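Peer 1: got a predicted structure here, sequence first:
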Amino acid sequence: MLAANAFVGLHLVGALLLGMLVGYERSYQGRAAGLRTYGLVCMASCALTVFVGVAPLSYGATAALPSADVTRVVQGIVTGIGFLGAGVIVKDGLNVSGLTTAASIWASAAIGVLVGAGLYAAAILLALLCMLSMTWLQRIEERLPARARWDVTLAFRIEDAPGYDEVAARAQRHGYRVMRDTLNISYADDLLVWRFQVLAFERIQAAAPALLGEELASAGTFRRFSIASVRH
């Protein structure tokens, strides 16, 4: 029994350290889930998995326990972590954040399962790959060609209202394409309000939103406007 408890304890400590390793990146980025959350998730997943291997020694080895199915244990872990991951996903207007944190929490649970199953090298490799995915892959992603999407709101008097083709042509000159199916027109406070999304042909070649804002402000046609990034 002492050997079994020491065996389980070492697994828990190892899982805690690997979970904290992955959680440090999220903590460094200022996310809500950090060292404690990732460490606990990884350690708890390890505890549930390693229990399958030492189940015959439970209750002082005085009670006959049926053989446990590790696949069912893992299925329960994945289901439970799914609810925890959903709690860190936040939708604010058109933007969705927390997807990377939710995915990394799920990966942290997988690390704990590997440690509990005795696949130590695979667990360490997965922890390192998670760290690289959340650091270096983001830098690579920023340098790859991509299309940025922006939510634009324009408010103007009815007599100053431009035509749709004029707005689309002006956006195209700056490297953007107006998404016609997102156009929403409303009227409030004696102002006509257009809200639509624009898609950059190439993120690097498109004009910066700050320059678009300066041009809109200097035009004098618009009573107010806003430009916001759209991230799904």
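Peer 2: Arrived safely, thanks for sending.
Peer 1: in this structure, where is pLDDT below threshold?
Peer 2: Counting by pLDDT under 70, the ranges of the chain that qualify are 32, 55-68, 91-95, 203-207, 231-232.
Peer 1: direction included, what does the top strand by length along the chain pair up with?
Peer 2: In the chain, ranked by residue count with DSSP state E as the criterion, the top strand is strand 176-188. According to DSSP bridges, strand 176-188 forms sheet pairs with strand 191-200 (antiparallel).
Peer 1: now do the partner strand: everything it contacts.
Peer 2: With contact meaning Cβ atoms under 8 Å, 6 or more residues apart in numbering, strand 191-200 is reached by 147-158, 161, 167, 171, 175-180, 182-187, 206, 223-224, 230. From N, CA and C alone the C-beta is placed, and that goes for glycine too.
Peer 1: of these, buried ones?
Peer 2: Burial by neighbour count, judged by 16 or more other Cβ atoms under 10 Å, picks out 148-156, 161, 167, 171, 175-176, 178-179, 182, 206, 230 from the contacts of strand 191-200.
Peer 1: pick out the residue nearest the middle of the protein.
Peer 2: To find the centre residue of the chain, average its C-alpha atoms and take the closest one (Cα atoms, centre = their mean): that gives Leu99, at 2.0 Å.
Peer 1: that residue and Met134, how far apart?
Peer 2: Leu99 sits at a distance of 12 Å from Met134 (criterion: Cβ to Cβ, to the nearest Å).
Peer 1: chain neighbours aside, what residue packs nearest to the residue nearest to the centre of the chain?
Peer 2: Spatial nearest neighbour of Leu99, excluding adjacent residues (Cβ to Cβ, 6 or more residues apart in numbering): Ile89 at 6.2 Å.
Peer 1: show me what contacts the one you found?
Peer 2: The contact partners of Ile89, taken as Cβ under 8 Å, 6+ apart, are Val96, Ser97, Gly98, Leu99, Ala102.
Peer 1: buried subset of those residues?
Peer 2: In terms of neighbour count (16+ other Cβ under 10 Å), the buried residues within the contacts of Ile89 are Gly98, Ala102.
Peer 1: what's the distance between the longest helix seen in the chain and the middle of its chain?
Peer 2: When every helix of the chain is counted residue by residue (DSSP state H), the longest turns out to be helix 2-28. With Cα atoms, centre = their mean, to the nearest Å as the basis, helix 2-28 stands 24 Å off its chain's centre.
Peer 1: just want the angle from whatever helix or strand comes next after it to helix 2-28.
Peer 2: Using DSSP states H and E, the next helix or strand after helix 2-28 towards the C-terminus is helix 35-54. Computed by axes from the mean of the first three to the mean of the last three Cα atoms, to 10 degrees, the angle separating helix 35-54 from helix 2-28 equals 150 degrees.
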